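Student: below: sequence and its predicted model.
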4 protein chains.
Amino acid sequence: MITSAEWRKRLYAMQPNIYIGGERLRRDAPQLERPINVVATTFDCAADPAYSALMLASSHITGSKVNRFCNIHQSWEDLVNKQRMTRELCHKTGGCIQRCMGIDATNALYVVTHDTDQKYGTEYHKRLLAWVENFQKQDMVANCAQTDVKGDRSKRPHEQVDPDLYLRIVERKSDGIVVRGAKAHNTIAPYAEELIVVPTRSLTPEESDWAVAFAVPADAEGVKQIVRLANIRERISLKAPIANYSDAESLTVFDNVFVPWDRVFLCGETDMGGRLALQFAEYHRHSYTGCKPAITDIILGATALVAGYNGVGNAQHIRMKLAHLIGVAELVDAAGIAAAVNAKKTGSGAYIPDSKFVNAGRRLAGENIFHEWEILCDVAGGWYATLPFEQDWINPETKGYLEKYTMRNPQISAENQHRLFRLISDYMTTSWSGVQLAGQYHGGGSPIMETIGLLRDYDIQSKMDIVKTLAGISLDDPEG
Amino acid sequence: MITSAEWRKRLYAMQPNIYIGGERLRRDAPQLERPINVVATTFDCAADPAYSALMLASSHITGSKVNRFCNIHQSWEDLVNKQRMTRELCHKTGGCIQRCMGIDATNALYVVTHDTDQKYGTEYHKRLLAWVENFQKQDMVANCAQTDVKGDRSKRPHEQVDPDLYLRIVERKSDGIVVRGAKAHNTIAPYAEELIVVPTRSLTPEESDWAVAFAVPADAEGVKQIVRLANIRERISLKAPIANYSDAESLTVFDNVFVPWDRVFLCGETDMGGRLALQFAEYHRHSYTGCKPAITDIILGATALVAGYNGVGNAQHIRMKLAHLIGVAELVDAAGIAAAVNAKKTGSGAYIPDSKFVNAGRRLAGENIFHEWEILCDVAGGWYATLPFEQDWINPETKGYLEKYTMRNPQISAENQHRLFRLISDYMTTSWSGVQLAGQYHGGGSPIMETIGLLRDYDIQSKMDIVKTLAGISLDDPEG
Amino acid sequence: MITSAEWRKRLYAMQPNIYIGGERLRRDAPQLERPINVVATTFDCAADPAYSALMLASSHITGSKVNRFCNIHQSWEDLVNKQRMTRELCHKTGGCIQRCMGIDATNALYVVTHDTDQKYGTEYHKRLLAWVENFQKQDMVANCAQTDVKGDRSKRPHEQVDPDLYLRIVERKSDGIVVRGAKAHNTIAPYAEELIVVPTRSLTPEESDWAVAFAVPADAEGVKQIVRLANIRERISLKAPIANYSDAESLTVFDNVFVPWDRVFLCGETDMGGRLALQFAEYHRHSYTGCKPAITDIILGATALVAGYNGVGNAQHIRMKLAHLIGVAELVDAAGIAAAVNAKKTGSGAYIPDSKFVNAGRRLAGENIFHEWEILCDVAGGWYATLPFEQDWINPETKGYLEKYTMRNPQISAENQHRLFRLISDYMTTSWSGVQLAGQYHGGGSPIMETIGLLRDYDIQSKMDIVKTLAGISLDDPEG
Amino acid sequence: MITSAEWRKRLYAMQPNIYIGGERLRRDAPQLERPINVVATTFDCAADPAYSALMLASSHITGSKVNRFCNIHQSWEDLVNKQRMTRELCHKTGGCIQRCMGIDATNALYVVTHDTDQKYGTEYHKRLLAWVENFQKQDMVANCAQTDVKGDRSKRPHEQVDPDLYLRIVERKSDGIVVRGAKAHNTIAPYAEELIVVPTRSLTPEESDWAVAFAVPADAEGVKQIVRLANIRERISLKAPIANYSDAESLTVFDNVFVPWDRVFLCGETDMGGRLALQFAEYHRHSYTGCKPAITDIILGATALVAGYNGVGNAQHIRMKLAHLIGVAELVDAAGIAAAVNAKKTGSGAYIPDSKFVNAGRRLAGENIFHEWEILCDVAGGWYATLPFEQDWINPETKGYLEKYTMRNPQISAENQHRLFRLISDYMTTSWSGVQLAGQYHGGGSPIMETIGLLRDYDIQSKMDIVKTLAGISLDDPEG
């Protein structure tokens, strides 16, 4: 394992293929500093004894200690530990820890390449094993580039006017393949070393060009990342950890990118493309049972704190709202635990979480996130939205007025009042805010995706049979 | 263990202290037949190899096989198995399996008598152990009589105009105690052999007369059960299992009932009275993570079935509603699993489920039950509510019309159409229905009780500290 | 106008074509007494000076005073007055006043027959005018039989295996038509004098046999009413108005019923069949903006009262729930007012309420009704569900216990405590309860029907144009 | 009346007392351009024949035409017209039209000064009449500065550690009064000519110093406005109206501001202070029944448009969501209409809207706004949140990729796709977004304020009496 400083050094040496606001940038550009700080935390905590029990795992390949974000789940407890680690790290950075993309994609490939080889006599799993061994040894950071841009949503991949609207193989060569397309919403990609590409949906037999999975360096020839960034406002003198962190998403363009065979993990097996899409999604939804409760923890903490600062911490209608937040956080957490306890060991040896629980958990989180923000908005009152800029708290003409008139609970200093409302203001009314909301709603799959997941996998027939039996309707009745 | 026939025989020999509709009845009265059928199922399934793996446990006292409803939880897996057993048995009877009252009360006493003895040098736990051994050996059925009638809700027990509005000790004698009061909503009591009495709330030091727990035979001298019953309509020719089952609740009056010391498990230790009230509630809420998903399974099955019968099983807005039902059932189930996995081993050796998860789970169930009924109402349409009586389907003047005009999906016979709508009609529009709804909402604690439970136990301070840290507010700041 | 005694006399003289529980009954059968009491109220109040300002209208045909339930709306104020009258009368009977069916059907026919005549040169309107004049003069009560039994919901009327699953013309004769089919959920029909039959949905050109509207006496040859009744429990000594009222619904079978031409108001004009179905629905939804707030008033009153009896009338979380009930009642009421203020005068001279408001209002009511019951259940606690039967309050062996242990707020007598919980128990846990819930959800159109109504009529394009303009997208862009 | 150009000229001549981001600014500072554009619309539309019917009223003082934003409501139709005008103007500017503050404050003062004079023999109303005449003649723009900063929310004004935490009279002089304090969240204040100050809450007799209302020029000596601004991103080449508008809020500091008597409209009459606070709130909530449906119209339009662009405009689950938006918009609108129709003429001659309807309407709007944003987020998908910056659509290295991969429905040009997602991105993920959400939730009173309003004014007793009557409980029973 490496230190965060070593990791940054590796990053800064990469080819400059990051585009932001009309410029092409290197990875040491100031715009990327805050997002990189988030991922650096995953290295720092692994080296911190307070976290290492949670953050270290033994590689099932080499037996060496590895960062848990590089681990292949060998037991249901591994899944619980990943969930716990995720919730704790998100507390430190005030949001998405991002590096789960790598562990989720790696595990999904691990499971599905094994089954593909079994069915098709291919050797994807062996290739992947070699890739994972190196990935663990180098302590690397990976993005999973899954979501295609999708064009007309009412059409399938091969029906689009432009076939590149889903990423596809455009050439098969002796030494590898050439791919073209674009993947959207790629969190962590601008400061990951590896991009893992998997399909975004189920595929029909005529869609073998779209049934492709592989890994490439994030600065490979032909890869271009067009990045949308959102930060909270820069602090002038009111420094605070919240202002050190952020994230960034790429639209990652693959413009005739060559992938050598040893990095190709699926190539044409359409049925397995769909399974891989799904398996990544389910691992990733399990990760959300860790990070989403952490988000709720922060909203809960801010709500409880501001209620106290406002002098109304004991108001019953506010207490009811805190209870709602607790309920959501812990039910999502419970879903992750239940998914882990009911995990299945796959043919590959890796464990996969139970799909109905991950879908139910991620869906509850998604369906509540706007309401959670509403609760914080409700209890905080409007001052976070009309809070004058930090400069006005420095300007001697206005500073005194602001300190005088911001006072609430007289036990709390003007500075702490300012600090809390500044945090809420940053959290709720910056360009970062809306992006977070979108991510908390859509990331890992929007509620409608989990709804579809629940309906696809659930044994509704057995429930109908319970009712038939109670009603005296024969189960043998073919038409009943 | 015994058979259901042996159990019924024991019941029928009890003293007739059941009052229903102005009469005093024996336990073989026809009014009690359907509720008794429910509990009989717990004996029949224990003897059925298909269920025995789930239903049998080894007594930690004698090592013999016992019905799981008499078991003291020796591991977190025991808690999961109780949850699974509960969900499966409720499928058979179409509702509450009822016998969980005994296991939940017994385990709560087991945990709290141990700690009381540790603190106060009493010998309640030894007495209880002897009582449990016999309870297991005799394969007995117990009610837990917890909820006092409570009088003025804005007053504490000792502040009531009539001190009996919470059950209390009225005399302490050399051979035992005399108690007076009444306990409400006592499911299973009219056909249980034992009544286990525990306090209903936390108590102040001046309330030692109310800090009492004990077990008495359900037909003990001075015990009178005034019973409210609700059945679905009797079937004439359209026989169906759903019509064989029901439940019944007593207002159980304790009119100067004498309890010998070997049956007294708490007597004056007010702090432990509150703990016992809470511990029973939390075990019982864990049982609800088994039964409530079963109720949702039935509502889901009925909704999916009627949608198919109506020919609209694939309508997207109906599918969304099925997904909602699935989500609720599985999140409540997940909460039970997470509560079990995070169970703590107590000083007594028994395991207690994690309180935040049981509260979050039971609360979600309670908050959704009216909406679940709404979904079935929505998808079924109004025919279940205006369905003519069964006699009109027999009357030759009307039978033909009803069979002709009830036809929907032509693959389904008129009889099956009738059977399904009869079941939904019975489920939704009988006196039984409203009682079920109330039980599903309030039983085991209304949502407001779980809300209070969540707020009481949850570590909100740690969440506030996360936010303070992110905001740059010192955790050492005493007033911060 | 007539008295309720005169009306009852007329009813009792009708042919016995009512089937309940396997018997054929006259209209003076005891089973029908409570529902008939409801409608009698509409005669009694018309004669009561306290209500007459609201209940009397001037016939636009004869200029005489008529019961408002027989009036054709001549202004938007007429619509508001109907709404007000409905809300007030429902307070008296504790539920649906039922007679709105006649006024809504009559007005819908009034509007659509006029337009049909204009388009097709028919003379339906003239026939209707004669019928209405007599209807007003005789002060008659009408049902509107709209909902067909509908068979397979995924098929249209003419696609059903049995064409009678939607009521249709089976023969056209020189002196009239013969119809066959059945109409479901016919509130008031068993004690109405007239049945007004209208189509249930839009129709295609090949469905002219189903495009039929007419009025027949409720005991006409070939008409058979199979009735489902639901009453709250009979009171023994605790008499109360709530126990005097109820309603009843028929499945009305038309077994080759002959309708003379002067009672035929639509016969084959398929486009007008759809319009008539819709126009009745919209008038009827406007009536629901009167009755549904009245239901909420009762739930609100019961909730506030029981909170006070329990001693927790000031608890903040209960106050929040009262506010929710107020909000629902008054928003539904507001929708009715806005629909009236924005009413349009039709070619016939009658006013029709604005469809978007009636749909939005009725939908809000339907979407909240289960939640409203949940609130009453929540605040009342479980005692209404386990309340012993009235006989046990009379039985001297148990009466004393019940009076002692039912005490709550000591200012309230045991009898009043009993009265209130008896009312709530009757309201929430009798066979009547589930039927009421279904009616409050589905009656006048389920929320999904109003959703469809909103989407059909609403000018979404103009809202898209607002956004296009703000975004700088040309409105002229044909594909934009 | 004047033109917008004349108005801007007047603004620019004011004293520079605007503080933004550490600077003191004049009103022609570029930061204020977009908010000023919004208010300019109210002048431009008054001069536009397409709007003038709605926008012009006759002064009841002079009989001259005035801008409706300066009108005193002379009839319930005036209230409806204000509501209609508000909804339409908000469509043009994409959000809050802001100038309602003046009309609502002026009308509230008009009503309450009259009653104060009646009760106390003061002459506030006469002073106000003179002020209004000039206000109308000059076609002025006013802010209403109501919300005090409030300090410790659990304390009353006179109990605060710093008495200035509610604005108060610090000196009474022969020619006027001197006031000190600060008012928060003052929309429109930085570009209004007049600030109208009213109390924020009910007051006790010892709080006469806080019972004060007056008007001062917005740049009066001692007035300092510390302004928080939020704009959507500046457009480079993709110009669009949405980017021309915004709003701004001041924390308005009154540092010993002198107010001459002819501008003082309340001075010490504490009971009337509470009434004035409430009366302004209720007028302002009525204004929200105009603007909030306009916001929903925009969200609805954007949702419907993006669904079509994505090719899923007919998906049933999306259609359900559109219906929900329609329902909310029209129910809020209906509440405004019902409040107007039920308006009361006050002693002053001005009409006040019915409070229960304005509270129910504004509350529904507030309770839905987060969910409305959720719907747009849901249907739009994540692309608005990760949409690269406009510069990247200009940069030739990335432009082609973005145009290629943004394509969806092939009928829609790349530019229009870009335009729509840019608008949604600006709407949902800029610093403006979070401020809008807060304003839509809290502005005019948070839902909790309307809840309190509903509970305060509503006749719950009459509903309890309905239930008592139905239950047979005597209304005369004093304790019943």
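Tutor: Received the coordinates, thanks. Residues are numbered from 1 along each chain as shown, chains lettered A, B, ... in the order given.
Student: up against chain B, what does the stretch 101-250 of chain A have?
Tutor: The stretch 101-250 of chain A comes close to chain B at residues A:Leu238, A:Lys239, A:Ala240, A:Pro241, A:Ile242, as judged by Cβ under 8 Å from any Cβ of the partner chain. (C-beta placed from N, C-alpha, C; glycine too.)
Student: the residues you listed in strands, which ones?
Tutor: Among those, DSSP state E puts none in strands.
Student: from those residues, which two are the most distant?
Tutor: Using Cβ to Cβ, those reach their maximum pairwise distance at A:Leu238 and A:Pro241, which is 11.8 Å.
Student: overlap in contacts of these two?
Tutor: Residues touching both A:Leu238 and A:Pro241 (Cβ atoms under 8 Å, 6 or more residues apart in numbering or on different chains) are B:Gly472.
Student: is A:Val312 in contact with D:Asp152, as I believe?
Tutor: No - using Cβ atoms under 8 Å, A:Val312 is not in contact with D:Asp152; the gap is 9.1 Å.
Student: higher neighbour count, those two?
Tutor: A count of neighbours by other Cβ atoms under 10 Å in any protein chain shown puts D:Asp152 above the other of A:Val312 and D:Asp152, at 21 against 18.
Student: that one is in what secondary structure piece?
Tutor: For D:Asp152, there is no enclosing helix or strand under DSSP states H and E.
Student: wait, doesn't it sit right on A:Gly311?
Tutor: Yes - between D:Asp152 and A:Gly311 there is a contact under Cβ under 8 Å: 4.2 Å.
Student: name the residues contacting each of these two.
Tutor: Residues touching both D:Asp152 and A:Gly311 by Cβ under 8 Å, 6+ apart: A:Arg408, A:Asn409.
Student: report how many residues lie close to A:Val197.
Tutor: A:Val197: 28 neighbours (other Cβ under 10 Å).
Student: equivalent analysis for the one 10 residues further on, please.
Tutor: Other residues near A:Glu207 come to 22 when the count uses other Cβ under 10 Å.
Student: quick one: pLDDT of it?
Tutor: On the pLDDT scale, A:Glu207 is placed at 98.
Student: contact partners for it?
Tutor: For A:Glu207, the contacting residues are A:Arg156, A:Pro157, A:His158, A:Thr270, A:Gly273, by Cβ under 8 Å, 6+ apart.
Student: same list (those residues) but as JSON lines, adding neighbour count, distance to chain D and secondary structure.
Tutor: Formatted as JSON lines, the contacts of A:Glu207 follow (neighbours: other Cβ atoms under 10 Å in any protein chain shown; distance: Cβ to the nearest Cβ, whole Å; DSSP: H, G, I helix; E, B strand; the rest coil):
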{"residue": "A:Arg156", "neighbour count": "15", "distance to chain D": "12", "secondary structure": "coil"}
{"residue": "A:Pro157", "neighbour count": "26", "distance to chain D": "14", "secondary structure": "helix"}
{"residue": "A:His158", "neighbour count": "15", "distance to chain D": "15", "secondary structure": "helix"}
{"residue": "A:Thr270", "neighbour count": "18", "distance to chain D": "23", "secondary structure": "helix"}
{"residue": "A:Gly273", "neighbour count": "27", "distance to chain D": "20", "secondary structure": "helix"}
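Student: would JSON lines of those residues with distance to B:Ile448 and pLDDT be doable?
Tutor: JSON lines is the format used below for the contacts of A:Glu207 (distance: Cβ to Cβ, whole Å; pLDDT from 0 to 100):
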{"residue": "A:Arg156", "distance to B:Ile448": "50", "pLDDT": "96"}
{"residue": "A:Pro157", "distance to B:Ile448": "51", "pLDDT": "97"}
{"residue": "A:His158", "distance to B:Ile448": "55", "pLDDT": "97"}
{"residue": "A:Thr270", "distance to B:Ile448": "53", "pLDDT": "98"}
{"residue": "A:Gly273", "distance to B:Ile448": "49", "pLDDT": "98"}
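Student: out of those, flag the one nearest to D:Ala57.
Tutor: Of all the contacts of A:Glu207, A:Arg156 has the smallest distance to D:Ala57: 58.3 Å, by Cβ to Cβ.
Student: any idea how far the residue nearest to the closest one when sequence neighbours are not counted is from chain D?
Tutor: The shortest distance from A:Arg156 to any non-neighbouring residue, by Cβ to Cβ, 6 or more residues apart in numbering or on different chains, is to A:Thr204 (6.7 Å). Here the criterion is Cβ to the nearest Cβ, to the nearest Å. By it, A:Thr204 lies 18 Å from chain D.
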